[in-house]
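1. Predicted model and sequence below, questions to follow.
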Amino acid sequence: MGKSTGRKTNEVEFEERMERIFHLMLYEHLGHDEFASKAAKEFGITTRQAENLWQEARQRMKQRYTNSQGEILENHLTQLYHLLERCKQEGNKLVERQVLADIAKIYGIEKNKIDITSGGQPISINIKME
């Protein structure tokens, strides 16, 4: 008999399994080893295959988190730009400046304060006028 390769489940069954895997990880709070043991028994697979499912689920969660972070940032910036435009139209300079500062922080271009003291000690400047 030849060696078989590939997944033994179809795509629909695999996605149903992934739902159960997310449940085990997120709601039952199973650790890696505990998950591998329980999933192997529940799905009738080897522990190694269960570990592969764990890795697949973690990659999917990481990708979802990364995608939603970008969407959140994009939405936040859009709202800030709309607020900035309203401030310009209304002549609200104070809020306009604050919004610009917030946008600069998001882009990482805000200016850092410069310490003009020497090691925490005040600098003394003596000017002689003759």
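-> Perfect, thanks for sending it.

2. Tell me the pLDDT of the closest residue to Q49 other than its chain neighbours.
-> The shortest distance from Q49 to any non-neighbouring residue, by C-beta to C-beta, 6 or more residues apart in numbering, is to A40 (7.2 Å). (C-beta placed from N, C-alpha, C; glycine too.) In the prediction, the pLDDT value recorded for A40 is 94.

3. dump the residue contacts of A40.
-> Residues in contact with A40 (C-beta atoms under 8 Å, 6 or more residues apart in numbering) are 46-47, 49-50.

4. quick one: which of those sit in strands?
-> Among the contacts of A40, no residue falls in strands (DSSP state E).

5. most surrounded residue in those residues?
-> For those, the largest neighbour count, defined by other C-beta atoms under 10 Å, is 22 neighbours, found at A50.

6. how about the helices of this protein, start to end?
-> 11-26, 32-43, 47-90, 93-107 (DSSP state H).
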